[in-house]
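1. Fold the following.
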Amino acid sequence: MTDETLNDAAVAAAWDRNAALWTEEVRAGFDFYREFYTLPAFLDFMPPVAGQQVIDLGCGEGSNTRRFAQRGGLMTGIDLSREMIKRAREKEAEEPLGINYELGSFSALSPFADEQFDCAVSTMALMDGPDFPSAMREACRVLKPGGSVYFSILHPCFVTPALQWQANEEGSYLGLRVGRYFDKTPFVERWRFGRRPQTAKLVAYDEPFEVPRFPQTLSDYINAVSAAGFRIVKMEEPRPSADLAREHAWLNRWYQHAPLVLFIHAVKA
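-> Numbers count the residues shown, from 1 in each chain. Predicted coordinates:
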C-alpha cells in the first residue's frame, strides 16, 4: 500500500492485515489509552442509550460496540474490514448481546434505510476514513428526525502530521510541538501499543499496525457536520483525571499540555 493511493479499498486492506493482532491486543486490554482515558471519557459524554436503535460507525472488532450493548443499546455495527467484522461476529456468537454487524463503509451506509436509527456513535474511527463529509451525510440520512450523532476523533489541532513532544534533559515534558496543520495529504502511520507487557505471548504475527490517516482541520470537521444537516449541540476536549496523570507519565503529558481527543454531539435538524 502506498500513501498516495489511499481510498476505502486501501483502508479495508490495511485493517484486514491489522485485524488478528489488533483484536488480540485490544481484547487483552493493551490499548491503555482506550482503557484508561478515551473510552471512559466518551461513555461519560454519552447519554443513556437503553432501548434505542444505535449504529456504530467504524465498529472494528466490536469491543466498543459491546460496551454500548451492555448499556442497553440495540446495536448495529458497520466496518469496511472483512476480517474485523468476522471477529466481531465470532465474539457475538460466543457471547450474544443481540448485535448485528454489517460489512461496509461508514461513508456509504447502503445496507440501511432512511431514518432507521435513533442514534449514531463512532469511537476513534472517523478520522481514519477518506470521506468524512459523506460519512456525516449518510449518518444524517439514516437517523430519525431529532436523532443524535456522537463521535470521538483525534484532536485535529494537536495530533498533526508533525507532532513531537518536547522534553528537558531530565525527561520531563515541556510541551507539544505541532506542525503541518494545513497539510491534508493522506499518510500511513505505523505503530504498536507501546505499553503492552513485554512478557505477553502473541498468537498473531507481530508486525506494526498500518493505520491510514486523513488529516483535516477543525473547521473541516465542524463545517462537514453542519453541512450534512446537523446542529452541533456540544463539543468536549476531555482531560485525563489528576489521579491518572499522577499515576501515568504518558497521560500526565496530555493532562498538562493538550487534549488528545475531541468529542462532538450533534442533532439532526
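
2. Poorly predicted segments of the stretch 101-250 of the chain, please.
-> Scanning the stretch 101-250 of the chain with the threshold set as pLDDT under 70 gives 195, 197-205.

3. All the strands of it, residue numbers only.
-> Applying DSSP state E, counting those that start in this stretch to the stretch 101-250 of the chain gives strands spanning 117-123, 143-154, 164-167, 173-177, 187-191, 209-213, 230-236.

4. Tell me which residues are up against the shortest one.
-> What that stands for is strand 164-167. Here strand 164-167 makes contact (C-beta atoms under 8 Å, 6 or more residues apart in numbering) with 173-177, 179, 253. No exception for glycine: its C-beta is placed from N, CA and C like everyone else's.

5. same thing but 6 Å
-> Strand 164-167 has contacts (C-beta atoms under 6 Å, 6 or more residues apart in numbering) with 173-177.

6. Out of those, which end up buried?
-> Among the contacts of strand 164-167, those that count as buried by neighbour count (16 or more other C-beta atoms under 10 Å) are 173, 176.

7. Quick check: of the contacts of strand 164-167, which lies closest to A139?
-> Nearest to A139 out of the contacts of strand 164-167 is L176 (C-beta to C-beta; 30.8 Å).

8. what comes up buried for stretch 73-84?
-> 73-81, 83-84.

9. Quick check: the farthest pair among those?
-> Pairwise distances across the buried residues of stretch 73-84 (C-beta to C-beta) peak at 25.2 Å, for the pair L74 and E83.

10. So for this structure, the centremost residue is which one?
-> Most central in the chain under C-alpha atoms, centre = their mean is M124, positioned 1.2 Å from the mean C-alpha point.

11. circling back: wait, which of the strands of the stretch 101-250 of the chain is closest to P133?
-> strand 230-236 (11.7 Å).

12. Between strand 143-154 and the closest one, find me the angle.
-> Put simply, strand 230-236 runs at 40 degrees to strand 143-154, going by axes from the mean of the first three to the mean of the last three C-alpha atoms, to 10 degrees.

13. Can we start the residue count at 28 from this point?
-> Okay, using 28 as the starting number, the last item reads as strand 257-263.

14. Relative to the whole chain's centre, how far out is strand 257-263?
-> Offset of strand 257-263 from its chain centre (C-alpha atoms, centre = their mean, to the nearest Å): 18 Å.

15. and it, what does it pack onto?
-> With contacts taken as 3 or more C-beta pairs under 6 Å, 6 or more residues apart in numbering; DSSP states H and E, strand 257-263 sits against strand 288-295.

16. Look at the residue nearest to K261 when sequence neighbours are not counted and say how many residues are nearby.
-> In space, K261 comes closest to H292 once its chain neighbours are excluded; the distance is 4.3 Å by C-beta to C-beta, 6 or more residues apart in numbering. Applying other C-beta atoms under 10 Å, we find 17 residues neighbouring H292.

17. One more: the one 3 residues further on?
-> Applying the criterion other C-beta under 10 Å, we find 20 residues in the vicinity of K295.

18. Repeat that for M73.
-> Number of residues near M73 (other C-beta under 10 Å) recorded here: 21.
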